[in-house]
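Chemist: Make a model of this:
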Amino acid sequence: MTDTHPLHQYRASFDTWGPWALLGVGVVATALSARAVGMDRHGVIVCAVLVPAAVALQLYWGRVRRKRPDPSRTGVCLYLLRWAIAFVLTWANPFFAFYAVTGYYTAARDLPNRLVMPGLFLTAITMAGSEIGGWPPHGWILWLGFFLVLAVNMGLVSVFTRYALQEQTRSRVQAETIDALERTNTALQQALDENAALHAQLLVQAREAGVADERRRLAAEIHDTLAQGLTGIIAQLQVVANTPDEAVAREHVARAMDLARESLGEARRSVHNLAPVALERAGLPEALKTTVAEWGGRTGVRADFTVTGTAEPLHDEVSATLLRIAQEALSNAARHAAASRVGVTLSFMGDEVSLDIRDDGRGFDPLAVPARTGSGGFGLEGMRARAARIAGSLTVESEPGHGTAVSARVPLVRDDR
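Modeler: As a prediction, this is how the structure comes out:
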């Protein structure tokens, strides 16, 4: 990660040109002060040799730093060599301390952590010698001053080094935190992309499931309307075909025509997912009463309808489900039961509605009835599926020779319109 903080950019720039500038200042200050500090011929020769050496060292150091930016043995050797050059130059003229101060701000960058303080101590020795007037100290007073100045330098260096290390640690933690946040954001974006793809997949699956459920619903509607209506029409026409009485024939033909019209209306409304025809004219109790009466008239079986509890307007889906269950149960009774009496009871029980259809027919063993699959019919499984669709249940009690009882219990969901 590239550090774009302005202070860090200035520091990186100073690392490049700072040593050159400090060396240049030291050379100029030494040239101007040579006579004032009593610089002899040997000092001039030392400076004439070591200043080019410092220049060459700095050029080589720049190449090494570009190849090896982290601390290394080469960096330690170069640091010690520069310190030695700066120490001797400062001995020749104290103003070369300008160049020696380079060791303060490069130690942490060029030396391993365990050698940073020793490197700073060496630089502090050079700086203390310059600050007391140059090397070597003459007399015990100057030596005492040297150690005092050295202690002050090391104290300041320790404090500033500690702050620098804390800032370095804080910067590293900040960089790691930013890097972790970037990785987290990347992972979060990947998760969002995966969730979006999963959501799209679930939408496709839900759409396919909805299509399949709608197909089953329409198949059940057709079975409960057209199939039952056609069965009733065939039964009426069989009576017409077998009776010589024209009045009876006309009556059954009229019933067959009524069934045909009603079945046609049911088919149209099933396609459009509308409520049964009987529910368009009245509520569920009246629709059941009419359905039971018409069924009894068609089959000649005594059929009674009873309502218990306080009748309440029900949601269209609840009413349509219970009416379809009643129609299927009555159709089954007409085809299989050979009953002489059928009773239909609609019960309103607080938060539930119960529909019971009982007959005194031949009965059957519910466990012996195979589960129907495919499109072979809907019967009991269709009634159970209808009840389950609105969170209800359907039970069948029957025994050979003792009739059949079908009971559907569904939540009472009121019509809020």
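
Chemist: Please make it C-alpha for all contacts and neighbour counts, starting now.
Modeler: Will do.

Chemist: Determine the next helix or strand in the C-terminal direction from whichever strand or helix holds Leu192.
Modeler: For Leu192, the enclosing helix or strand under DSSP states H and E is helix 140-222. Per DSSP H and E, helix 140-222 leads on to helix 228-242 as the next helix or strand towards the C-terminus.

Chemist: Identify the residues contacting that following helix?
Modeler: Here helix 228-242 makes contact (C-alpha atoms under 8 Å, 6 or more residues apart in numbering) with 248-250, 252-253, 255-257, 259-260, 262-263, 298, 328, 331.

Chemist: Any chance of a PyMOL selection covering the buried ones in these?
Modeler: Here is the PyMOL selection string for the buried members of these, based on 16 or more other C-alpha atoms under 10 Å:
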select buried, resi 249+252+253+255+256+259+260+262+263+298+328+331
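
Chemist: so who does Thr169 touch?
Modeler: Neighbouring residues of Thr169 by C-alpha under 8 Å, 6+ apart: there are none.

Chemist: Which helix or strand lies directly C-terminal to the helix or strand of the chain with the lowest mean pLDDT?
Modeler: Scoring the helices and strands of the chain by mean pLDDT, DSSP states H and E places helix 277-281 at the bottom, with a mean of 68. Counting by DSSP H and E, the element after helix 277-281 in chain order, helix or strand, is helix 284-299.

Chemist: quick one: strands adjacent to the helix or strand following that following helix?
Modeler: Proceeding C-terminally, helix 284-299 gives way to strand 302-308 as the next helix or strand, assigned by DSSP H and E. Sheet pairing of strand 302-308 (DSSP bridges) gives strand 341-349 (parallel).

Chemist: Which residues belonging to the strand it pairs with are considered buried?
Modeler: Of all the residues in strand 341-349, those buried under the rule 16+ other C-alpha under 10 Å are 341-348.

Chemist: In CSV, list the residues you listed along with distance to Gly403.
Modeler: Supplementary listing: these in CSV, determined by distance: C-alpha to C-alpha, whole Å:
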residue, distance to Gly403
Arg341, 10
Val342, 10
Gly343, 11
Val344, 14
Thr345, 16
Leu346, 19
Ser347, 21
Phe348, 25
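
Chemist: Show me the domain layout of this structure.
Modeler: Domain ranges of the chain: 6-136, 283-417, per automatic domain parsing.

Chemist: can those go into a markdown table with extra columns for mean pLDDT and distance to Gly145?
Modeler: Formatted as a markdown table, the entries for those read as follows, by pLDDT from 0 to 100; distance: least, C-alpha to C-alpha, whole Å:
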| stretch | mean pLDDT | distance to Gly145 |
| --- | --- | --- |
| domain 6-136 | 75 | 7 |
| domain 283-417 | 87 | 97 |
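
Chemist: so which of those domains comes closest to Leu142?
Modeler: domain 6-136 (6.9 Å; C-alpha to C-alpha).

Chemist: how far is that closest one from where the chain is centred?
Modeler: The offset between the C-alpha centroid of domain 6-136 and the centroid of the whole chain comes to 58 Å, using C-alpha atoms, centre = their mean, to the nearest Å.

Chemist: Next: stretch 334-351.
Modeler: From the chain centre to the centre of stretch 334-351 is a distance of 51 Å (C-alpha atoms, centre = their mean).

Chemist: go on, stretch 162-173?
Modeler: Relative to the mean C-alpha coordinate of its chain, stretch 162-173 is positioned 36 Å out (C-alpha atoms, centre = their mean).

Chemist: Let me see the mean pLDDT of the helix holding Leu192.
Modeler: Averaging the model's pLDDT scores along helix 140-222 yields 75.

Chemist: Dump the domains of the chain to TSV, plus distance to Phe146.
Modeler: Written out in TSV, the entries for the domains of the chain read as follows (distance: least, C-alpha to C-alpha, whole Å):
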stretch	distance to Phe146
domain 6-136	6
domain 283-417	95
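
Chemist: which one of the ones you listed lies closest to Gln189?
Modeler: Among the domains of the chain, domain 6-136 comes nearest to Gln189, with 30.7 Å by C-alpha to C-alpha.

Chemist: Just want the angle from the helix holding Leu192 to helix 228-242.
Modeler: With axes from the mean of the first three to the mean of the last three C-alpha atoms, to 10 degrees as the criterion, the two stretches helix 140-222 and helix 228-242 enclose an angle of 10 degrees.

Chemist: now, which of the contacts of helix 228-242 sits nearest Ala282?
Modeler: For those, with Ala282 as the reference and C-alpha to C-alpha as the criterion, the closest is Glu262, at 15.2 Å.

Chemist: Surely that closest one forms part of a strand?
Modeler: No. Inclusion of Glu262 in a strand is not indicated when DSSP: H, G, I helix; E, B strand; the rest coil is applied; the result is helix.

Chemist: show me the contacts for Ser393.
Modeler: Taking C-alpha under 8 Å, 6+ apart as the test, what Ser393 contacts is 384, 387, 408-410.

Chemist: Tell me the bridge partners for it.
Modeler: Listed by DSSP bridges, the beta-bridge partners for Ser393 are Arg409.
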